[in-house]
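Student: Give the three-dimensional model of this entry:
(4 chains)
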2 protein chains.
Amino acid sequence: MTLGLQDVPDLGAAPSTSQVVLRHLRAAIVSGDLAEGAPIGQDDVARRFNVSKIPVREALKQLEAEGFVTFLRNRGAVVASLSEPEIAQVFEVRAMLEAQAIKLAVPLMTPEHLARAEAAAAVFAAEPDVSQWAARNWEFHSALYAPAGRDFLMGLIRQINDRVARFLRVQLTVSGGHFHAVTEHHEILSACRQCKAELAATLTHDHIMGACRSLSIHLPRKD
Amino acid sequence: MTLGLQDVPDLGAAPSTSQVVLRHLRAAIVSGDLAEGAPIGQDDVARRFNVSKIPVREALKQLEAEGFVTFLRNRGAVVASLSEPEIAQVFEVRAMLEAQAIKLAVPLMTPEHLARAEAAAAVFAAEPDVSQWAARNWEFHSALYAPAGRDFLMGLIRQINDRVARFLRVQLTVSGGHFHAVTEHHEILSACRQCKAELAATLTHDHIMGACRSLSIHLPRKD
DNA sequence: TTTTAGAATAACGTATACGATCATATCAGC
DNA sequence: GCTGATATGATCGTATACGTTATTCTAAAA
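Tutor: You can find the predicted model right below:
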């Protein structure tokens, strides 16, 4: 007999110290707890986690590779910042990738997929906590693309979304961004229901580029 | 007087030890010197570079984040391997991104840009050294996309190309892959000369997906 | 008062060292 | 002779420690 292998806790999956630190730091950056440009002291982080500096440095190096932090020679790491044109470029790529993802997903959507996406849209629309909007938004979007079964593409989209999560947050909060998103989500869902892949792709593309434009209007508080 | 400040070597630009190790290891993986699944001993690498293990581990962590190596708990790092469906997905994203890149680039191409791309194509076509084909191929492709001025997109494309460089190499060497590539490069260039952005995008997309199909035929030597 | 030189302090980058874990080889038992 | 347990060796993961670099504070001179 198989000993109930599905219940066995996966040994060897115990996260290493550097992975724990990595997850926490990334979450703090994505959520905006650590502001753009904020210095991340190694000894400081090490003390907080009660570990040595080595796991902290390893986590920071991974975050550097992911584009979340920038190392300044002999001056430590800071939360990476994006200039306004860089943000625009990221959104452009987002629009491109997510449009393609939904185009691939629509023909493969089952009623269950649609139901999950609709539920996610409802949760996003009804979310009262502003600080949770970005996360709920991602849950909806990922539910839309999941049916495509493109793990690599999904990972890429996820990572790019994380990169601009801080700005997504502000976009959703300014000038009815959340409201606009809700209506556009409904339009996208409608297209999915009718199996109109191209339309869904176009709507998704415009949805994202619209958010980008909204950002470029409200963000440039550059002093 | 300025003491010839233009000749002063820029201190502070001196790469850290971990960066040196990172570059060498990545180059070794991309070039195929380190085979898929090859273990990368930390002490071994540290001895070769005459440094301690810490910079080596930091370099490996960055390579892990970039997808080039995989850490096995308490068993060290190995060169990451891609399954055949994973390769197909990477090529799919490549096709998507590079088609979009050239579509954005064509309207902005100057005669100088075209000349550079044509020169790169000629160098690729005339390259006698098989081991240099992948590098020459990238030089041509990047010359095509550069006019778009999309740094973020270019970086993404570059990284994804590096991920599959090992397979690109085999694709170019099997069954006239290099010859096919040369003729398709000429077709793409021709479309660019005529400012047909959509056509160039389609050709680029097919160029990459064709390589993917060629790979899926010749690669599956899975035992 | 402003500016600059110098020293002290804090943080970073790396080396060395040690406990923990896994692979391999040897040996006892069936 | 083969299976299983144990011991040994090697490697990994992390902590501690040290030299180096940047920053800041102070003091002196313009």
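Student: Report the rounded mean pLDDT for stretch A:57-73.
Tutor: For stretch A:57-73, mean pLDDT rounds to 93.
Student: what does stretch A:18-30 give?
Tutor: pLDDT averaged over stretch A:18-30 gives 93.
Student: Go through it and flag the buried ones.
Tutor: For stretch A:18-30, burial by neighbour count (16 or more other Cβ atoms under 10 Å in any protein chain shown) applies to A:18-19, A:21-22, A:25-26, A:28-30. Where C-beta positions appear, they are placed from N, C-alpha and C, glycine not excepted.
Student: What of stretch A:131-148?
Tutor: Buried residues in stretch A:131-148, counted by 16+ other Cβ under 10 Å: A:133-148.
Student: mind checking pLDDT for the closest residue to A:Val130 other than its chain neighbours?
Tutor: Distance criterion Cβ to Cβ, 6 or more residues apart in numbering or on different chains; nearest residue to A:Val130, sequence neighbours excluded, is A:Thr173 at 5.9 Å. Per-residue pLDDT puts A:Thr173 at 87.
Student: Do I have it right that A:Thr173 meets A:Trp133?
Tutor: Yes: using Cβ atoms under 8 Å, A:Thr173 is in contact with A:Trp133, at 7.4 Å.
Student: Filter the buried residues of stretch A:131-148 down to just the ones in helices.
Tutor: Under the assignment DSSP state H, those contribute A:133-145 to helices.
Student: Looking at the buried residues of stretch A:131-148, which is nearest DNA strand C?
Tutor: Nearest to DNA strand C among the buried residues of stretch A:131-148 is A:Ala134, at 28.1 Å by Cβ to the nearest atom of the strand.
Student: ok, now which ones touch the closest one?
Tutor: A:165, A:168-169, A:172 (Cβ atoms under 8 Å, 6 or more residues apart in numbering or on different chains).
Student: okay, among those, which ones form the most distant pair?
Tutor: A:Ala165 and A:Leu172 (10.5 Å; Cβ to Cβ).
Student: who has more neighbours, these two?
Tutor: Using other Cβ atoms under 10 Å in any protein chain shown as the criterion, A:Ala165 and A:Leu172 rank with A:Leu172 on top: 21 against 17.
Student: Make sure that one is indeed in a helix.
Tutor: Yes: assessed by DSSP: H, G, I helix; E, B strand; the rest coil, A:Leu172 belongs to a helix.
Student: distance of it from B:Ile160?
Tutor: 29 Å (Cβ to Cβ, to the nearest Å).
Student: on that earlier part again, what about the contacts of A:Ala134, which are in helices?
Tutor: In this view, the contacts of A:Ala134 that belong to helices under DSSP H are A:165, A:168-169, A:172.
Student: Residues of chain A that sit close to DNA strand D?
Tutor: A:16-18, A:50-55, A:58, A:73-75 (Cβ under 7 Å from any atom of the strand).
Student: From these, keep the buried residues only.
Tutor: Among the residues of chain A next to DNA strand D, the ones that count as buried by 16+ other Cβ under 10 Å are A:17-18, A:51, A:54-55, A:58.
Student: now, the most widely separated pair of the residues you listed?
Tutor: Greatest spacing in those, by Cβ to Cβ: A:Val51 and A:Glu58 (10.7 Å).
Student: what are the phi and psi angles of the residue of chain A found nearest DNA strand C?
Tutor: At 3.0 Å from DNA strand C, A:Gly76 is the closest residue in chain A, using Cβ to the nearest atom of the strand. Reported as degrees, to the nearest 10, the phi and psi values for A:Gly76 are phi 80, psi -170.
Student: Please name the nearest non-neighbouring residue to it.
Tutor: If you skip the residues right next to it in sequence, A:Gly76 has A:Pro39 as its closest partner in space, 5.8 Å away by Cβ to Cβ, 6+ apart.
Student: Okay, the one you found and A:Val78: tell me how far apart.
Tutor: Separation of A:Pro39 from A:Val78 (Cβ to Cβ): 5 Å.
Student: more neighbours, the two?
Tutor: Each of A:Pro39 and A:Val78 has its neighbours counted (other Cβ under 10 Å); A:Val78 has more, 17 against 13.
Student: element containing that one, please.
Tutor: In this assignment (DSSP states H and E), A:Val78 forms part of strand A:76-79.
Student: in terms of contact count, name the helices or strands touching that strand.
Tutor: strand A:39-40, helix A:53-65, strand A:69-72 (3 or more Cβ pairs under 8 Å, 6 or more residues apart in numbering or on different chains; DSSP states H and E).
Student: quick one: the lowest-mean-pLDDT helix or strand in chain A to helix A:133-145, angle?
Tutor: Taking mean pLDDT, DSSP states H and E as the measure, chain A has helix A:165-173 as its least confident helix or strand, at a mean of 89. On the basis of axes from the mean of the first three to the mean of the last three Cα atoms, to 10 degrees, helix A:165-173 is oriented at 100 degrees to helix A:133-145.
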